[in-house]
Every structure is written in structure tokens, then in C-alpha cells.
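Trainee: what shape does this take:
(one chain, ligands or ions: 1)
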Amino acid sequence: MSRPAGFSIEAHRRLVVKVGSSLLVGRDGLIDTAWLRGLADDIALLHGGGHELLVVSSGSIAIGSNVLGIDKRRARLEDLQAAAAAGQVRLAHAYQDALGVHGIDAAQILLTLEDTENRRRFLNARGTLGRLLEHRAVPVINENDTVATEEIRYGDNDRLAARVAQLVMADALILLSDVDGLYSADPASNSEAGHIAEVAVIDAAVVAMAGETRSDIGSGGMATKVQAARIATHAGCSTVISSGAIDRPLHALAAGGRCTVFRAKGTPAARRKQWLAGVLEVRGELSLDQGAVAALEAGNSLLPVGVVRVAGSFRRGDVVTLLDPAGREIGRGLAEYSDEEAGRLTGCRSEQIEKKLGYRGRSVMVHRDDLVLFESGVAG
Ligand code: GLU
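Mentor: Numbers count the residues shown, from 1 in each chain. The predicted structure follows:
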């Protein structure tokens with residue numbers, strides 16, 4: 001059976017929606033609140049239908065440049081950082097206003113490159129995002145442009161959105177753009193340009209096509225969208241480029257609107273586990289009691305109470321081996337604690353963690369999303 005055309009939002013539960021500056025901010029540097037209200041209506045509908053949504057929104061520099069009277073084209077880095085600071089507060093406010101109409105809480109998260117590239121920081125960002133989704137808030141994410149300098153920034157929110165999708169194990173990444181997908185050539189200058197509905201493999205030909213088209217307000221363009229699609233699809237997250245230059249863009253997409261779909265390779269959980277299983281650098285060992293082994297096999301996280309012994313030298317975010325009571329390696333995972341902290345917490349019930357450590361810690365030793373079990377193939 002051939003696949004239906006378009007993209008089924010309905011079939012994807014956790015969605016990351018990326019909004020580019022050119023959609024949200026006019027050339028006058030003001031937020032297009034009518035458009036944003038439409039987007040919020042779409043988000044509210046999906047949210048009400050049980051979907052989890054995260055928004056990665058650009059716009060802080062464009063908005064803030066207008067507020068501070070900075071000419072973006074001539075501005076120095078410090079000016080752009082200042083613009084981002086003034087713009088971000090307005091951007092966040094606009095989202096809260098638009099989502100608040102529907103009784104939805106927006107929650108601002110500003111990320112730097114380190115937050116997704118460094119495993120310790122990755123666990124922090126992921127923990128917070130996960131908790132926000134449990135509270136049914138909608139995270140509104142941007143790069144922390146105020147502290148990011150050229151060498152240490154993503155620079156474009158397409159790739160940031162893909163990293164966020166990977167971080168939260170999203171099922172789909174929707175890149176709202178000023179065009180409705182990828183074309184074989186630039187549709188603005190070439191009437192022969194053909195729309196590509198689906199990309200099975202991101203090969204050199206696809207990358208070359210992306211090089212042809214560029215939007216001029218945002219720093220992204222098609223090239224970074226294709227790079228984003230590569231990151232996300234490898235993490236098991238389907239990626240869509242669709243038009244945001246219309247009212248109610250998610251509604252239009254759900255109704256079969258034209259777009260380019262990059263299908264995911266596997267599921268987010270399977271891809272995360274494959275990655276974990278293949279990591280060569282294992283830094284330590286946690287020996288588990290039988291109760292913990294059973295809990296993991298049932299798909300739960302590893303709690304400190306089930307750990308009887310800690311060995312090796314590891315930090316939070318490092319990969320550790322999990323041993324059963326007979327000393328057999330049953331799996332591996334990312335440690336939420338260092339070896340020293342884990343040692344203090346062995347056998348400790350979750351409510352005793354704060355007393356043992358002297359500060360409020362995390363309730364799990366290894367989160368179930370960061371865990372792979374060998375042989376049994378359960379946990380996920
Ligand atoms: N983070 C930048 C901003 O909010 C935008 C980056 C991009 O255009 O992708 O202005």
C-alpha cells in the first residue's frame with residue numbers, strides 16, 4: 001500500500017515546532033501577533049488532543065534590534081547580544097499571551113551549544129524539558145544568544161530544533177519555513193523548480209538542492225534545514241518542512257498541506273539504545289540487586305535503592321555498565337550521578353537522597369530513556 005501524501009501530525013505524539021524569524025517578525029521589527037495567535041490556536045488544538053508540543057522560536061535579534069535601534073547589518077557581536085536580550089523578553093511575553101488565551105503555560109528555555117553537546121548538561125536540559133511536558137506546559141526555546149559567541153553557537157535555530165528533538169526523543173520535527181518544502185532548484189528564480197514531497201535518503205543530491213534556496217531574514221535557509229533533518233531522522237524523529245507563511249500553519253499541514261517529509265530511521269527509543277549499546281567508553285559499573293533487575297526488565301528507571309555496589313571513576317552523564325547479582329553485564333546506561341555520589345546513595349530510598357547528599361538530587365540513578373538492556377530486549 002502506498003503512503004498517503006502529506007504528513008500525519010495525528011500519528012506523532014511529541015512534536016517540536018520550529019518558527020523562523022521571517023514568519024513571526026515583520027520587516028518593521030514588530031511581532032506579527034495575529035499570526036502568532038493562529039499558531040497558538042493550532043498548538044492548543046493539538047495540546048488538547050493529547051499531543052506534547054515544544055516550540056523553538058527565533059526572533060529575539062530581529063525584535064531587539066528594532067527596540068534598541070540597532071542596524072542588524074552593521075551591528076557588532078555585542079550589539080546583537082544586546083538586541084537578543086531586549087528581544088527575547090518580548091518574544092517570550094508574546095508566546096505567553098498567545099498561549100495563555102487557551103489556558104496553556106509557556107515556559108522559556110534558553111540553550112547554548114554545550115547544553116546539547118555535553119552529556120552532563122544534556123541530562124540537565126532533558127530533565128527540565130521532560131518535567132515541563134509532564135506539567136503540560138509548552139516549552140518555548142531559543143538559543144541563548146546573549147552569551148553565545150560565534151565560536152560556540154549553533155547560529156541557526158534549525159539545527160538547534162533538531163538537537164532539541166533528539167534531546168526529548170520527539171516523534172516529529174516541523175520546520176515552519178517561508179517556503180512549503182524543498183525544491184529541485186530555487187522556485188523564486190527558476191520556474192522549472194519541482195517540489196520534492198518526500199526524501200528517503202539525504203544524499204549529496206539533496207544537499208545540493210538545498211544549497212539553491214535561501215530565506216533572507218533568518219540565518220537558516222534550506223541548507224540548515226536539511227542538516228537539521230539529518231540530525232533528527234537519525235535520532236528516529238521524522239522531519240517536515242512546511243509553509244509557515246500562512247495563517248494556522250499546523251492546521252494547514254494536518255489538512256494535507258504541501259510539505260517535504262524526511263522519514264525517521266527507526267524510533268527515537270530504538271535509536272537512543274543503539275547509540276548507547278555502541279558507546280565504547282564505559283567509565284564504571286553499578287551492581288544491582290534482583291529487585292532492580294526485575295524493575296529494569298519491566299521498563300522502569302534504575303533507582304538508588306537497587307544499587308548494591310559502585311565501581312570505577314565516572315561523572316554524571318558518563319556511560320556505566322549494569323551488572324546483575326551474578327556479576328553478568330545486563331546492560332548499560334547514562335549515570336545521573338558521579339561515582340562518589342552514587343557510592344553514597346547505594347541502597348538509599350529516593351526520599352533519603354537529599355539527606356545523604358546534603359542537596360536535592362535526582363530521584364533516579366539511570367533514567368529509563370538512557371538505558372539499554374542486552375539479550376532480553378525489553379526496556380523500551
Ligand atoms: N536565535 C536567533 C534569534 O532568535 C535566530 C537564529 C535563526 O535565525 O535561526 O534571533
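
Trainee: which residues of this structure fall in helices?
Mentor: 21-24, 33-48, 60-68, 77-100, 113-117, 119-134, 157-167, 204-212, 221-234, 249-254, 268-278, 290-297, 339-345, 353-357 (DSSP state H).

Trainee: just name the most buried of those.
Mentor: helix 157-167 (a mean of 27; mean count of other CB atoms under 10 Å). For glycine as for every other residue, the C-beta is placed from the backbone atoms N, C-alpha and C.

Trainee: next, the angle from that one to helix 268-278.
Mentor: 80 degrees (axes from the mean of the first three to the mean of the last three CA atoms, to 10 degrees).

Trainee: re the thing from before, looking at the helices of the chain, which is closest to V319?
Mentor: Nearest to V319 among the helices of the chain is helix 268-278 (6.9 Å), distances taken as CB to CB.

Trainee: redo the helices of the chain as TSV? Include distance to D145 and mean pLDDT.
Mentor: Formatted as TSV, the helices of the chain follow (distance: least, CB to CB, whole Å; pLDDT from 0 to 100):
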stretch	distance to D145	mean pLDDT
helix 21-24	12	94
helix 33-48	20	98
helix 60-68	6	95
helix 77-100	4	96
helix 113-117	12	84
helix 119-134	17	91
helix 157-167	10	94
helix 204-212	24	80
helix 221-234	16	92
helix 249-254	24	96
helix 268-278	28	86
helix 290-297	41	96
helix 339-345	34	96
helix 353-357	34	91
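
Trainee: contact partners for G331?
Mentor: The neighbourhood of G331, defined by CB atoms under 8 Å, 6 or more residues apart in numbering, consists of L296, T321, L322, L371, V372, L373, F374, A379.

Trainee: so among those residues, where is pLDDT lowest?
Mentor: Among these, A379 carries the weakest pLDDT, at 41.

Trainee: now for the residue lying closest to S242 once chain neighbours are set aside, how many residues are close by?
Mentor: Of all residues not flanking S242 in the chain, C259 sits nearest, at 3.7 Å (CB to CB, 6 or more residues apart in numbering). Using other CB atoms under 10 Å, C259 has 25 neighbouring residues.

Trainee: what of I152?
Mentor: Neighbour tally, I152, other CB under 10 Å: 12.

Trainee: give me the local confidence score for it.
Mentor: 71.

Trainee: what's the closest of the contacts of G331 to G59?
Mentor: Among these, L371 lies closest to G59 (CB to CB), at 37.3 Å.

Trainee: quick check: bridge partners of the closest one?
Mentor: Beta-bridge partners recorded for L371 (DSSP bridges): G333.

Trainee: again with I241
Mentor: With DSSP bridges as the rule, I241 is bridged to L175, T260.

Trainee: endpoints of stretch 98-111, how far apart?
Mentor: 22 Å (CA to CA, to the nearest Å).

Trainee: got the contact list for the residue nearest to S242?
Mentor: By CB under 8 Å, 6+ apart, the contact list for C259 reads G6, F7, D180, G181, A197, V240, I241, S242, S243, L253.

Trainee: for ChimeraX, write the selection for the buried entries among those.
Mentor: Buried residues among the contacts of C259 (16 or more other CB atoms under 10 Å), as a ChimeraX selection:
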select :6,7,180,181,240,241,242,243,253
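
Trainee: for the ligand, state which of the contacts of C259 is nearest.
Mentor: Distance ranking of these against the ligand, using CB to the nearest ligand atom, places I241 first at 14.0 Å.

Trainee: identify the residues contacting the closest one.
Mentor: I241 sits in contact with L175, S177, V179, D180, G181, L182, M222, K225, A229, C259, T260, where contact means CB under 8 Å, 6+ apart.

Trainee: can you tell me the closest non-neighbouring residue to the second one?
Mentor: Yep, that's S177 we're talking about. S177's closest residue in space is I241 (CB to CB, 6+ apart), at 5.5 Å.

Trainee: which residues touch stretch 303-313?
Mentor: 283-289, 291-293, 295, 320, 325, 339, 342-343, 345-350, 353, 363-365.

Trainee: for that stretch, C-alpha coordinates in CSV please.
Mentor: Extracted in CSV, the C-alpha atoms of stretch 303-313 (Å, rounded to 0.1, in the frame of the first residue of the first chain):
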residue,chain,number,x,y,z
LEU,A,303,16.6,3.8,41.5
PRO,A,304,19.5,4.2,44.0
VAL,A,305,17.8,1.7,46.3
GLY,A,306,18.5,-1.2,43.8
VAL,A,307,22.2,-0.5,43.6
VAL,A,308,24.5,-2.5,45.9
ARG,A,309,27.9,-1.6,44.7
VAL,A,310,29.6,1.1,42.6
ALA,A,311,33.0,0.8,40.9
GLY,A,312,35.1,2.8,38.5
SER,A,313,35.5,6.5,38.1
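
Trainee: re the thing from before, which of the contacts of G331 sits closest to S65?
Mentor: Distances from S65 to the contacts of G331, taken by CB to CB, are shortest for L371, at 45.1 Å.
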